[in-house]
Each structure stands twice: as C-alpha cells, then as structure tokens.
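Student: Here you go, sequence then predicted model.
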Protein chains: 2
Amino acid sequence: MSVAVIKYDRHMGRWEADARGRLEQAALALYGERGFEQTTVAEIAKRAGLTERTFFRYFTDKREVLFWGAGRLQESLVSAVVAAPDSAAPIDAVIAALEAAGAVFQEGREHSVQRQAVIDVNAELRERELIKLARLATALAGALHRRGVREPTASLAAEAGITVFRIAFERWIKDTSGRELPQHIRESFDELKTVTAGR
Amino acid sequence: MSVAVIKYDRHMGRWEADARGRLEQAALALYGERGFEQTTVAEIAKRAGLTERTFFRYFTDKREVLFWGAGRLQESLVSAVVAAPDSAAPIDAVIAALEAAGAVFQEGREHSVQRQAVIDVNAELRERELIKLARLATALAGALHRRGVREPTASLAAEAGITVFRIAFERWIKDTSGRELPQHIRESFDELKTVTAGR
C-alpha cells in the first residue's frame, strides 16, 4: 500500500480508503488482463480480497470504477476558473485550471495509463469518456458565465480548453520522455493558438 | 411534395425519393408531437401512408432517421478538405469545408430546426449527436493527414473546426434575424481566434 493511501486514511478512515483503492486497483488490473466486458464484479471483489457487497458500497457498477473521479475533477476545475484573477482572459483561466488538474493526474500517472488502455479498446467506454469531457466543457462554460463571460465566448473558451486537455492527455499517455502533463497542456495550447491563427 | 423532391426523383426514381422523404417528414413530425421514445415505427409508416416493411428498407431503426445523413456529411467534408488549395492553412481548409456544408444545411433549415428540437430534449440522442460530431472531427483530422498535416496540428484544427461548427449551428437554430449558417460559422471562427489569443 502506498504512502498516499495511508495519508488519505487520516481523513477517510483506514478501511474506507483501503477498500476503495483496493477495488479500483483490482478492477483496473482485471480490465487490462481480460477486457472490461469479460470482467465481473465478483472477480473484482475476489481479487481485492473483499465481498461484492463491499464493492457496491463504493461503486454502482463496474463502469463507475473508471468514471467516479469525474465529479471531483469537475468541481476542482470549476473552483479554479471561478477563483482565477479578475484580469485573466477566459481561455487563460480555463488553461490554468486544466494545468492545475494536470499536476494531480501527473502524480497518479500509472493509474491514468492503465485506465486509458482499458478505455481505448472499448467503444462504449470511449463514448462514455467523450460524454464526460463534454460535460466538463459545459461545466467550464458555466464557471466562465459566473465570471461574467458571455456566449459564445464562454463555450468557445471551454470547448477549446477541453480539446487542448484531451489532446495533451493523449500525448502524455504515450510520452516516454518524462514530459509532464501540465507541460503537454501548455504546448498543446500554444499549438492551438498557432493553428487558429491560420499558420 | 416539394420541388426539391421532384428534382431528386430524376436520379433516384420517383418512388424511392418520395418514400424516404415521406418517412423522414412523418418521423420528425411525430417525434416533435409525442417525443422520440413514444413514437413507434408502425406510427411513422402509417403517418407516411407506407408499410413498416418499407420503413425498414430505408432505415434500420427509428433513430437512424435522425442520423443517416452523417455519412454523407462526412464524405463531403473530407472531400472538401482534401481538395482545398495547397496554400490553405489546415484550419482554413476545415472552416471552408464547414461553410460549404453549412450552405447545404441552410437550404433545409426547417428540417434542421425540427431535428434539433427532437435531439435537445432526449439525453440519449444528445449523446449520439456528440459521438457523431466526434467522428466527424476524427474524419477531418484524417483528411488533414492526407494533406501532409502532422499531429497534433491536424487534430487541433479538426476539433477546433467542429467546435466552431457546433456553436455556430446552435446559434443559427435560435437565430430569428435570418443570418445564414455559413455566416454564423465565419463569426464563431473569428470569435475563436479572439478567444484563443487570450483577449
């Protein structure tokens, strides 16, 4: 068990953080080995050394193991956009929020790599991921509205930000040079500026 | 029956264009009146004065009535991007292709308005539309690859183009001033340039 999980325990209670983390790790390992479709909740629970009943205390189904973090990500992005300095342009508020989230993903890179490999080979999960990202864009546009940004500026900045994030994330997952996610986000954003300028 | 359908007949055979068009019109009317979920294929066929068997000659299911045009749209976008002048920047090739497609949508504005109203109130159809647009972006990126455009430039230009199209389309559907879709696309693109420049 990692130091991160032990630290988590102080807030969540040892058992809780431990069980969720163990189930998640077991699920990702099994999805990778057998495929998402072929894995059952019973197998996940067994691999984690827990019962199915415990699984369903943390997750509604085996898909939720892959998507439960979306709500937390959305909250952190929205808070960061709302809290950005008044002087920040909409796109800069969005990109700064994504870079901050990117630093959190960077800490759990191995988890992201494993998760993405599962999603990439399953059409239904790819669709689910797409819908998740679309929701994040809508939430970011909502956060910009709270800053007084109007349409279509808010939606364009939010969607452009999510496009940058998605492409940066893909490149980061494949990257073997050790460049970190926030740097990929910055680079993809710079590239988008060049692209939209028609160069 | 409209003049457009009669003209179509010369190529497709009178019966074929007539049946597909009648089924589509009947389906859109019923989806608008009763909701997509509540409408059956039997009802669509009846409203069109045709049999269920005829319906299934044109559409695999009632959802396909709303999405069968996606393949044709994709082909026309890809052809336009591939055929753009060598000197065109990636984003300009994409936007020009979308403007040309936009002119075709403009001709059938009432159909687009009806279709969008059906999609907007149904979560599953909204997801389907999102997935359709993501596929279009992937196809556009593929067309840019054929022009020798590398990654991540190709994906960023394609995704930015689809974002512009989606937002322009939404504004066009709500527009009561008579501004046409290609103009909305041009305006949203100009706005995206401003947004990504951080202004």
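Tutor: Nice, thanks for sending it over.

Student: Chain A against chain B: which residues are in contact?
Tutor: Taking Cβ under 8 Å from any Cβ of the partner chain as the contact definition, chain A meets chain B at A:89-92, A:127, A:130-131, A:134, A:152-153, A:155-157, A:159-160, A:163-164, A:166-167, A:171, A:188, A:191-199. For glycine as for every other residue, the C-beta is placed from the backbone atoms N, C-alpha and C.

Student: which helix is the longest one in chain A?
Tutor: helix A:123-146 (DSSP state H).

Student: so where's chain A shaky on pLDDT?
Tutor: Across chain A, residues meeting the criterion (pLDDT under 70) sit at A:1-17.

Student: quick one, helices of it?
Tutor: So, for chain A - with DSSP H - the helices run A:3-12, A:14-34, A:41-48, A:52-58, A:64-67, A:69-83, A:90-107, A:109-120, A:123-146, A:153-174, A:181-196.

Student: of all the ones you listed, which lies closest to residue B:123?
Tutor: helix A:123-146 (9.6 Å; Cβ to Cβ).

Student: Now do that closest one: everything it contacts.
Tutor: Residues from elsewhere that reach helix A:123-146 (Cβ atoms under 8 Å, 6 or more residues apart in numbering or on different chains): A:36, A:63, A:66-67, A:70, A:73-74, A:77-78, A:81-82, A:90, A:93-94, A:97, A:118-120, A:153-155, A:157-159, A:161-162, A:165-166, B:127, B:130-131, B:134.

Student: Could you list the domains of chain A?
Tutor: A:3-65, A:68-196 (automatic domain parsing).

Student: Might you calculate how far the last one sits from the centre of the chain?
Tutor: The chain centre lies 8 Å from the centre of domain A:68-196; the measure is Cα atoms, centre = their mean, to the nearest Å.

Student: Give me the neighbour count for the residue nearest to residue A:63 when sequence neighbours are not counted.
Tutor: Using Cβ to Cβ, 6 or more residues apart in numbering or on different chains and skipping residues adjacent in sequence, the residue nearest residue A:63 is residue A:128, 6.9 Å away. Counted by other Cβ atoms under 10 Å in any protein chain shown, the residues lying close to residue A:128 total 17.

Student: From residue A:115, how far off is residue A:128?
Tutor: 12 Å (Cβ to Cβ, to the nearest Å).

Student: between these two, what contacts are shared?
Tutor: Common neighbours of residue A:128 and residue A:115 (Cβ under 8 Å, 6+ apart) are residue A:66.

Student: Pull the CA coordinates from stretch A:86-106 and hand them back as CSV.
Tutor: Taking Å, rounded to 0.1, in the frame of the first residue of the first chain, the C-alpha atoms of stretch A:86-106 are listed here in CSV:
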residue,chain,number,x,y,z
ASP,A,86,-10.3,39.1,-12.5
SER,A,87,-7.7,40.1,-15.0
ALA,A,88,-7.4,36.6,-16.5
ALA,A,89,-8.8,36.2,-20.0
PRO,A,90,-11.4,33.4,-20.2
ILE,A,91,-9.1,31.0,-22.1
ASP,A,92,-6.2,31.7,-19.6
ALA,A,93,-8.5,30.9,-16.6
VAL,A,94,-9.5,27.7,-18.3
ILE,A,95,-6.0,26.6,-19.2
ALA,A,96,-4.6,27.4,-15.7
ALA,A,97,-7.4,25.3,-14.2
LEU,A,98,-6.5,22.4,-16.5
GLU,A,99,-2.8,22.7,-15.8
ALA,A,100,-3.5,22.5,-12.0
ALA,A,101,-5.7,19.4,-12.6
GLY,A,102,-2.9,18.1,-14.9
ALA,A,103,-0.5,18.2,-12.0
VAL,A,104,-2.8,16.0,-9.9
PHE,A,105,-3.1,13.5,-12.8
GLN,A,106,0.7,13.6,-13.1
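
Student: before we move on, the earlier item: deepest-packed of the domains of chain A, please.
Tutor: For those, the largest average neighbour count (mean count of other Cβ atoms under 10 Å in any protein chain shown) is found in domain A:68-196, namely a mean of 18.
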